[in-house]
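1. turn this into a structure:
(one chain, ligands or ions: 2)
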Amino acid sequence: MSDPVLATESLNKSFGALKATDNVSIDLRPGEIHAIIGPNGAGKSTLIQQICGGLQPDSGRVLLCGQDVSDLGTQKRAKAGMGRTFQISELCMEDTVLENVVLSAMGAENLVWRFWKPALKRPELLERAEAALERVGLGDERETRCANLSHGQRRQLEVAVALTLSPRVFVMDEPMAGLGAGGSKRLTGFLDGLREEAPILLVEHDMDAVFALADRISVLVYGKVIATGTADEIRASREVRDAYLGD
Ligand code: ADP
Ligand code: MG
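-> Ligands and ions are numbered 1, 2, ... in the order given. Reported below is the predicted structural model:
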């Protein structure tokens, strides 16, 4: 079996007495979509944050292409190939679509960078940003202010930001959240093709999307991975049905 592109080793994170992630070890192999599912409050976003560097684990490690990135911050992890999209949008509403992609891809999270618009003249970055916008279907919206985008378009834009850095993995926290049926279907088709470019760790509540896309599914309950397997294996698991999916 090929080496994992992304792996966590025994990630632990507590908030006071609450164990938000409890010894979570998962991996992501080349070409695959690995979905993480589980009830609200199970620790999915906490796990994603630890993987992307937004939250420091109490113990455990994160490996990207075999390299220990546990001590790197979010920007350095992004540069190392961690492509992320968030459950809560971090887009800058007053900026245009194209500005958001370029500045986010540069790691322009703070205001000093945000005001440093000359960055937008970097041709290679502009080219990649425009190509990414084309791919997610926002090619015609590059001059639109983010504030004027629909919810679905903002989700597309977040994927474009991740794409611009040509990441080695995509890490996505509920990309379908708030999309209608049509939007979810379009994004599902898009993610299906994206896995060839880089594997995807996908936290998602939309079970139709999960069962359609995931090569493997891990179920997180109270911070613990209670099962990992194919869609059929997960559907057939008594423990998973009891804890999450229901009958
Ligand atoms: P999920 O994404 O699976 O819905 P979360 O990772 O957001 O779950 O949360 C897991 C648990 O940790 C929840 O009980 C949540 O209330 C708690 N939690 C998350 N972030 C914090 C925080 N910064 N401080 C305290 N508790 C938190
Ligand atoms: Mg969450």
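2. what residues does this protein put near ligand 1?
-> By CB under 6 Å from any ligand atom, the residues of the chain that approach ligand 1 are 15, 18, 20, 38, 40, 41, 42, 43, 44, 45, 46. Using the backbone N, CA and C atoms, a C-beta is placed for each residue, glycine as well.
3. what are the phi and psi values at the second one?
-> If I follow you right, that is residue 18. Backbone torsions of residue 18, given as degrees, to the nearest 10, read phi -90, psi 120.
4. that one and residue 58, how far apart?
-> From residue 18 across to residue 58, the span is 12 Å (CB to CB, to the nearest Å).
5. so which of the residues of the chain next to ligand 1 are in helices?
-> Taking DSSP state H, the ones among the residues of the chain next to ligand 1 that sit in helices are 44, 45, 46.
6. what number of residues lie near the last one?
-> To tie it back to what came earlier, the one meant is residue 46. Residue 46 is flanked by 24 other residues according to other CB atoms under 10 Å.
7. returning to that earlier point: what's the closest of the ones in helices among the residues of the chain next to ligand 1 to ligand 2?
-> Using CB to the ion, residue 45 comes nearest to ligand 2 of those, at 3.2 Å.
8. what about that closest one, distance to residue 224?
-> For residue 45, the distance to residue 224 - CB to CB - is 16 Å.
9. so those two - more neighbours on which side?
-> Legend: neighbour count by other CB under 10 Å for residue 45 and residue 224, higher for residue 45 (20 against 16).
10. contact partners for the residue nearest to residue 184 when sequence neighbours are not counted?
-> Excluding the flanking residues, the one nearest residue 184 by CB to CB, 6 or more residues apart in numbering is residue 176, at 4.7 Å. Neighbour list for residue 176: 155, 183, 184, 187, 188, 204, 205, 206, 209 [criterion: CB atoms under 8 Å, 6 or more residues apart in numbering].
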